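Novice: dropping the sequence and predicted coords here.
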Amino acid sequence: MSEFTRQLKLGDILTLQSRQEIRRSISAQPAECAALAKRFGLVAVNGLNAEVVIHPWNNSGVRVSGTINADVIQRCVVSLKPVEQKVCESFTSFFEQPNTRHEEADIDTPVHVEDPEDITPEGIDIGELVAQQLSLVLDPYPHIPGAVLPEPINTTMPMPRKSPFAILQKQ
């Protein structure tokens with residue numbers, strides 16, 4: 001079960017062919033933000049919302065596009081201090097009913113889609129889709145401006161060892 005579930009029901013998807021689009025605005029509650037922070041190894045998710053638009057696609061599927069807005073706090077990979085990041089990112093995903101033939105795909109579709117995800121009997125969890133998209137756009141190496149790594153220790157050359165008899169040489 002996802003930490004951030006916003007189910008788009010199968011019935012709404014099936015009636016989409018008669019409509020132009022479905023629009024949804026979704027926002028994560030504080031408990032959902034805390035659970036997502038834990039899932040993605042973040043210090044915090046202070047806010048997450050998305051505007052999502054679902055369009056019919058290829059007679060048997062849908063195109064889900066939207067924009068994610070999030071305020072997250074990650075750890076600096078150099079100093080381990082908190083790094084605030086504002087995320088504003090667009091995404092597009094494709095879903096198709098299982099057992100539909102890809103050969104019947106609309107030739108006029110301007111986007112090449114490798115393998116669209118299946119629409120489950122429950123529908124599409126757009127909350128989980130937004131959470132996955134957020135995880136993809138997070139900075140993999142967040143760092144505080146000006147943070148530098150310490151000089152590496154040279155491990156190829158052995159450290160000079162003191163002789164146990166060095167004390168005798170001083171006498």
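Specialist: Nice, I can see it.
Novice: ends of stretch 11-25, how far apart?
Specialist: This stretch, stretch 11-25, spans 19 Å end to end (Cα to Cα, to the nearest Å).
Novice: report the buried residues of that stretch.
Specialist: Across stretch 11-25, burial judged by 16 or more other Cβ atoms under 10 Å covers 12-13, 16, 22, 24. Quick note: C-beta positions are derived from backbone N, CA and C, even for glycine.
Novice: out of those, show me where the pLDDT dips lowest.
Specialist: Lowest in pLDDT among these is residue 16, which has 68.
Novice: for the chain, which segments count as strands?
Specialist: In the chain, the segments counted as strands under DSSP state E are 7-9, 22-27, 44-57, 61-75, 82-96, 117-118, 123-125.
Novice: quick one: closest of the ones you listed to residue 33.
Specialist: Among the strands of the chain, the nearest to residue 33 by Cβ to Cβ is strand 44-57 (4.1 Å).
Novice: circling back: looking at the strands of the chain, which is nearest to residue 163?
Specialist: Nearest of the strands of the chain (Cβ to Cβ): strand 61-75, 44.3 Å.
Novice: how far out from the middle of the chain is the closest one?
Specialist: 7 Å (Cα atoms, centre = their mean, to the nearest Å).
Novice: now it: buried residues?
Specialist: Judged by neighbour count using 16+ other Cβ under 10 Å, the buried positions of strand 61-75 are 61-64, 66, 68, 70, 72, 74.
Novice: what's near enough to touch residue 139?
Specialist: If you count contacts by Cβ atoms under 8 Å, 6 or more residues apart in numbering, residue 139 has them with 74, 83, 85.
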